[in-house]
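# return a 3D structure for these sequence lines:
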Amino acid sequence: MLLTHLSVARGLVLGALALIAPLSAEAQQAGPSNGGSPGAPAPKIAPLPVFDVPPTGIQFQTGDTWTQGGQTFRLYAVQSCIRGTAFTNAAGIKRDCGEASIAYFAALIKDAKPRCTALAQSGSVTFAVCAAHIGAQTLDLGTILITQGFAFAATDPSGKPVNSQYAVAEGDAQKNKRGLWASSDLPHPSAILRNAYQKAH
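The predicted model follows:
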């Protein structure tokens, strides 16, 4: 079940703004940084930057993160398989799960010519939601990756999905054993990351 980019993007933008809101409130309490009076009008918020992902000339760090033009981008609320973890493919051969995620992601980027909207910045990484062009349809890139079983719905440390629509897409992929879900020993990245977080805390 592939959702349209517009509906998914709306939900992702609202989720991202909810995460950013506390920081904005703290900044407002700190007072204006331009020396203006406390009663001065708030500055206008700049529109979210939109950019295209070129089919060549980009570097893939993981199946959800890439670098282009010296900037690093990551799909918001998407978690790819972790490099260095292994799964058994249909031929009974052990393969790197992270590399399988990257291979599918790279092929999709090349074919779908995504256009992305930047949502938030975390350190040197810009989180974005992207629209992919498949034939005459425009679909959410994260939804495609998750529905086809080559990425997963990112979760918070408690295991709650960052985006519920992605969680539904993941459940559908798991039920139908698409992509990496066809493996009986899939190293689910969210479970691995959650266990690592709990051990560290």
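
# quick one: residue 171 and residue 163, what's the gap?
Distance of residue 171 to residue 163, given as C-beta to C-beta, to the nearest Å: 13 Å. Glycine gets a C-beta too; all of them are placed from N, C-alpha and C.

# the more surrounded of those two?
residue 163 (24 against 12; other C-beta atoms under 10 Å).

# surely the more buried one meets residue 152?
No. At 11.3 Å, residue 163 does not count as touching residue 152 under the criterion of C-beta atoms under 8 Å.

# next up, the contacts around the residue minimising distance to the centre of the chain.
Centrality entry for the chain: nearest residue to the mean C-alpha point is residue 75, 2.5 Å, by C-alpha atoms, centre = their mean. Contacts for residue 75 were tallied using C-beta atoms under 8 Å, 6 or more residues apart in numbering; they are 64, 65, 127, 128, 129, 130, 141, 142, 145, 151.

# keep only those of those residues that are in helices.
141, 142, 145 (DSSP state H).

# tabulate the residues you listed (TSV), appending neighbour count.
Shown next, in TSV, are those (neighbours: other C-beta atoms under 10 Å):
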residue	neighbour count
141	28
142	30
145	28
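
# now, which of the residues you listed sits nearest residue 87?
Of all those, the one with the least separation from residue 87 (C-beta to C-beta) is residue 145, at 16.2 Å.

# how about residue 85: what's its closest non-neighbour residue?
Distance criterion C-beta to C-beta, 6 or more residues apart in numbering; nearest residue to residue 85, sequence neighbours excluded, is residue 187 at 3.8 Å.

# what about the helices in this structure?
5-29, 97-112, 141-147, 164-175, 189-200.

# for the protein, longest strand please?
Longest strand of the chain, by residue count under DSSP state E: strand 125-134.

# next one: that strand to chain centre, how far?
8 Å (C-alpha atoms, centre = their mean, to the nearest Å).

# each with direction, which strands does it pair with?
For strand 125-134, the paired strands and their directions (DSSP bridges) are strand 71-75 (parallel), strand 115-122 (antiparallel), strand 137-140 (antiparallel).

# for these, which one sits closest to residue 197?
So among the strands paired with strand 125-134, strand 115-122 is nearest, using C-beta to C-beta, at 16.3 Å.
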